[in-house]
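Asks: sharing a model prediction with you, sequence too.
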Amino acid sequence: MDAVMTNNEGPRANSVVIVGGCGHAGLPLGLALADHGLDVTAYDVDREAVNAVNAGRMPFMEEGGPEVLSRVLAKGSFRATDDPATAADAKYVVVVIGTPVDQYLNPDPESIPMALDPIHDHLTDGQLIVLRSTVYPGVTAALERKLAAWGLDVDVAFCPERIAEGHAMTELRELPQIVSGRTDRAQRLAAELFSHLTSDIVFLSPEEAELAKLFTNTWRYIRFAIANQLFTMANDYGLDYERIRAAIRHNYPRAADLPAAGFAAGPCLLKDTAQLGAFNDNNFTLGHAATLVNEGLPNYLVTKLASKHDLSTMSIAILGMAFKAESDDIRSSLSYKLKRILRFKAREVLCSDPFVTNDPDLLPLEEAVERADLVIIGAPHRLYADLALDKPIVDIWNLRGGGVLV
């Protein structure tokens, strides 16, 4: 199919369309760019999110996001839409969509190229297509081939996001940006785009950049697995991992980055470790071992509790269902895996989270605690640190201090 030219004047110099622009990664980027002088349109198929954003409401928690959203809407530099035709006159088309693996942890290399199908007829010569999502290695090249087959004279860049959810508005300005492109022009145009946010640009080839993002998330996942494995070792011998960790980190810089124990979850870490393993023909022993440790931690906790308590007679409360502290995001949260396991063991499982709004089964904190015989902290929200409790509590995060022993 030939591309349809809907704008005879070509792309406008400072215009950006973000595909997936109302999501956790796309919306903060769009707000930041709009706040720094660009004309940004967030294109998203989620009409409810589009309407919320245009009404000035963030569809999820993001520190500083509401203030920036209000500011850029007021000055007219940002808008959201579900109309794919808005891609026609954008200089930059940034693709920021989720790239999930299937139930067998296999990646789908076609998900990103397919994301452009709805806007295919509206792409025009001279645009820069920027991939921002984490991708399976080789996806950038596959997209280049697809665009060439469509007869489009466009550039393609892969510029991965590496922000921490909830801190995007700060980190987009403070962290270096990796930029990659097959041609000098693609790299130059991508660097010009992200120079609105940071002057610290790191250049790689597309394949190097694809691996850089996967390496980043996999490294974090393995680090967390090391901590969780050490925690289970110490705990099995009746020893306190947190006391040991505090001792070896004390004025000892080579151990300063040893993490605490806790659920390593969310939409990226396990998924990207699986993608990297698939890329290397499933030959990724460390990654597979990390998955067993991190995904096995809820099972470990239930097994240890069952060895000390008759869970069938107990009501157990899980406090914190988001995948991390001070977040409303429950994607791939291990608190829900813990809930599923406990429902087979305990008399009753009660769940609460002050930030999560899209789970009708959640109870108010006071009710969950009052009805519970035992409390487990699933996500280390700060408000739980000083919560008055007169019943047993499992706090593998050491949020409340005093060490950890299950």
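Replies: Structure received. Not measured: the values here are computed from a predicted model.
Asks: centre of the chain to the strand of greatest length in the chain, how far?
Replies: The strand of greatest length in the chain, counted in residues with DSSP state E as the criterion, is given as strand 12-19. Taking Cα atoms, centre = their mean, to the nearest Å, the mean C-alpha location of strand 12-19 is offset from the chain mean by 24 Å.
Asks: check stretch 394-406 too.
Replies: 25 Å.
Asks: how about the CA coordinates for that stretch, as PDB?
Replies: Taking C-alpha atoms only, stretch 394-406 is exported to PDB below (Å, rounded to 0.1, in the frame of the first residue of the first chain):
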ATOM      1  CA  VAL A 394       5.800 -10.100  58.000                       C
ATOM      2  CA  ASP A 395       8.000  -7.200  56.700                       C
ATOM      3  CA  ILE A 396      10.600  -8.600  54.300                       C
ATOM      4  CA  TRP A 397      11.400  -5.100  53.200                       C
ATOM      5  CA  ASN A 398      12.500  -4.000  56.700                       C
ATOM      6  CA  LEU A 399      10.300  -1.000  56.200                       C
ATOM      7  CA  ARG A 400       9.600  -0.900  59.900                       C
ATOM      8  CA  GLY A 401      13.200  -1.400  61.000                       C
ATOM      9  CA  GLY A 402      14.400  -3.900  63.600                       C
ATOM     10  CA  GLY A 403      15.500  -6.500  61.100                       C
ATOM     11  CA  VAL A 404      13.700  -9.200  59.200                       C
ATOM     12  CA  LEU A 405      13.100 -12.800  60.200                       C
ATOM     13  CA  VAL A 406      10.200 -14.900  58.800                       C
END
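Asks: report the buried residues of the lowest-mean-pLDDT helix or strand in the chain.
Replies: Here the helix or strand of the chain ranked lowest by mean pLDDT, DSSP states H and E is helix 111-115, holding a mean of 78. For helix 111-115, the neighbour count (16 or more other Cβ atoms under 10 Å) marks 111-113, 115 as buried. Quick note: C-beta positions are derived from backbone N, CA and C, even for glycine.
Asks: one more: stretch 195-205?
Replies: By neighbour count, with 16+ other Cβ under 10 Å as the criterion, the buried positions of stretch 195-205 are 196-197, 201, 204.
Asks: give me the element Val40 is part of.
Replies: Secondary structure assigned from DSSP states H and E places Val40 in strand 39-43.
Asks: following element in sequence after that strand, please.
Replies: On the C-terminal side of strand 39-43, the nearest following helix or strand under DSSP H and E is helix 47-54.
Asks: which elements pack onto that following helix?
Replies: With contacts defined as 3 or more Cβ pairs under 8 Å, 6 or more residues apart in numbering; DSSP states H and E, the packing partners of helix 47-54 are strand 78-81.
Asks: count the neighbours of the closest residue to Leu175 other than its chain neighbours for me.
Replies: Once flanking residues are discounted, Leu175 sits nearest to Arg162: 6.2 Å by Cβ to Cβ, 6 or more residues apart in numbering. Other residues lying near Arg162 total 15 when counted by other Cβ atoms under 10 Å.
Asks: Arg162 and Thr216 touch, don't they?
Replies: Yes: contact between Arg162 and Thr216 holds when scored by Cβ atoms under 8 Å: they sit 6.1 Å apart.
Asks: follow-up on the earlier one: what helices or strands is the helix or strand just after the longest strand of the chain leaning on?
Replies: Reading on from strand 12-19 to the C-terminus, the next helix or strand found by DSSP H and E is helix 26-35. Under the contact criterion of 3+ Cβ pairs under 8 Å, 6+ apart, the helices and strands touching helix 26-35 comprise strand 12-19, strand 39-43, helix 65-75, strand 78-81, helix 168-174.
Asks: and the contacts of the first one?
Replies: Under the contact criterion Cβ atoms under 8 Å, 6 or more residues apart in numbering, strand 12-19 has outside partners 26-27, 29-30, 33, 37-44, 86-87, 89-97, 115-116, 119, 193.
Asks: for ChimeraX, write the selection for the buried entries among these.
Replies: Listed next is the ChimeraX selection for buried residues among those, using 16+ other Cβ under 10 Å:
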select :26,27,29,30,33,38,39,40,41,42,43,44,86,87,89,90,91,92,93,94,95,96,97,115,116,119,193
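Asks: coming back round to it: relative to strand 12-19, how tilted is the strand holding Val40?
Replies: Note on geometry: by axes from the mean of the first three to the mean of the last three Cα atoms, to 10 degrees, strand 39-43 and strand 12-19 are set 20 degrees apart in direction.
Asks: on that earlier part again, any chance of the helices and strands packed on helix 26-35 in JSON lines, with distance to Cys351 and mean pLDDT too?
Replies: Converted to JSON lines, the helices and strands packed on helix 26-35 look like this (distance: least, Cβ to Cβ, whole Å; pLDDT from 0 to 100):
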{"stretch": "strand 12-19", "distance to Cys351": "34", "mean pLDDT": "90"}
{"stretch": "strand 39-43", "distance to Cys351": "32", "mean pLDDT": "97"}
{"stretch": "helix 65-75", "distance to Cys351": "26", "mean pLDDT": "98"}
{"stretch": "strand 78-81", "distance to Cys351": "32", "mean pLDDT": "98"}
{"stretch": "helix 168-174", "distance to Cys351": "27", "mean pLDDT": "96"}
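Asks: now the ones you listed as JSON lines including distance to Asp184?
Replies: Output for those, formatted as JSON lines (distance: least, Cβ to Cβ, whole Å):
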{"stretch": "strand 12-19", "distance to Asp184": "19"}
{"stretch": "strand 39-43", "distance to Asp184": "26"}
{"stretch": "helix 65-75", "distance to Asp184": "32"}
{"stretch": "strand 78-81", "distance to Asp184": "31"}
{"stretch": "helix 168-174", "distance to Asp184": "25"}
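Asks: got any ranges where the stretch 201-350 of the chain has weak pLDDT?
Replies: In the predicted model of the stretch 201-350 of the chain, no residue satisfies pLDDT under 70.
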